[in-house]
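[1] Any chance you can model this:
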Amino acid sequence: MTKKKNDNGRGKKGKEEGFPKSAIPYFFDQMEKQMEIWNEFVESEGGHDMARAGLDFAQISTKHVAEMFGKIGGLLPENMSAEEVFQKSKEIYLTCANSYSEMFKEAMATSSIPKQNARVMDAFLTWKIETDKINQATLRNLGIPTKDDMDEIAEKLYWLDKKMDTLTKDIRHANGQSRKSKTK
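    Residues are numbered from 1 along each chain as shown. The predicted structure follows:
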């Protein structure tokens, strides 16, 4: 089967090879809506707080990374053998670890970064709770026992085992009493 030629000499495109003409305006409408939402967020208090936290962390991390590289440079002479570099690697590691530790201590002492972290954790926990609810409902609808179902069964078994122990003791006690009364 041959393809029909159009005016520019190329074969006719199928629908799956590109966007149909009707999808292009929709695509740009959606992009415009997304940009409007983004701009609203950036102009909101949450957007300002996020930008402030990002800027604060960028300034703190830039300062600490520059200091760290300065310290590492001081540890390494210009001409070193591979063995000497290996011997210095522990000092370099400790310098990096201490620099990162100091950087995060300073970052957590700002007001913007912990506030932003709290918002992120709150959003994550909300998402996690909703996701867990959906997963639980899906499992129940499929007839698959959930963790809650298994915990409930385990608790019932625990109390049933306790009752069985009590009944066993009572039966042994009653048997002992009955034997005593028969021997009298």
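
[2] Let me know the next secondary structure element after whichever strand or helix holds residue 101.
    Here residue 101 sits within helix 82-109, counting by DSSP states H and E. For helix 82-109, the succeeding helix or strand toward the C-terminus, using DSSP H and E, is helix 112-142.

[3] how about that following helix: buried residues?
    The neighbour-count check on helix 112-142 (16 or more other CB atoms under 10 Å) flags 112-113, 116 as buried. Quick note: C-beta positions are derived from backbone N, CA and C, even for glycine.

[4] Now do the next helix-or-strand element following it and helix 112-142, the angle between them.
    Proceeding N to C from helix 112-142, the next assigned helix or strand is helix 147-183, under DSSP H and E. Here helix 147-183 runs at an angle of 60 degrees relative to helix 112-142 (axes from the mean of the first three to the mean of the last three CA atoms, to 10 degrees).

[5] quick one: the residue nearest the centre of the chain from residue 56, how far?
    Geometric centre of the chain, nearest residue: residue 124, 7.4 Å, by CA atoms, centre = their mean. Distance, residue 124 to residue 56, using CB to CB, to the nearest Å: 21 Å.

[6] Kindly export the lowest-mean-pLDDT helix or strand in the chain (C-alpha atoms) in CSV.
    Each helix and strand of the chain was given a mean pLDDT (mean pLDDT, DSSP states H and E); the minimum falls on helix 23-43 at a mean of 76. These are the backbone C-alpha positions of helix 23-43, laid out as CSV (Å, rounded to 0.1, in the frame of the first residue of the first chain):
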residue,chain,number,x,y,z
ALA,A,23,-5.6,19.0,20.8
ILE,A,24,-3.1,21.9,20.3
PRO,A,25,-5.4,24.7,21.6
TYR,A,26,-6.5,22.4,24.5
PHE,A,27,-2.8,21.8,25.3
PHE,A,28,-2.0,25.5,25.4
ASP,A,29,-5.2,26.2,27.4
GLN,A,30,-4.0,23.7,30.0
MET,A,31,-0.5,25.2,30.1
GLU,A,32,-2.0,28.6,30.6
LYS,A,33,-4.2,27.4,33.5
GLN,A,34,-1.2,25.7,35.1
MET,A,35,0.8,28.9,34.9
GLU,A,36,-2.0,30.9,36.4
ILE,A,37,-2.2,28.4,39.3
TRP,A,38,1.6,28.6,39.7
ASN,A,39,1.5,32.4,39.7
GLU,A,40,-1.2,32.4,42.3
PHE,A,41,0.8,30.1,44.5
VAL,A,42,4.0,32.1,44.1
GLU,A,43,2.1,35.3,45.1
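
[7] who does it touch, helix- and strand-wise?
    Contacts defined by 3 or more CB pairs under 8 Å, 6 or more residues apart in numbering; DSSP states H and E place helix 23-43 against helix 45-75.

[8] Having no further points to raise, I will conclude here.
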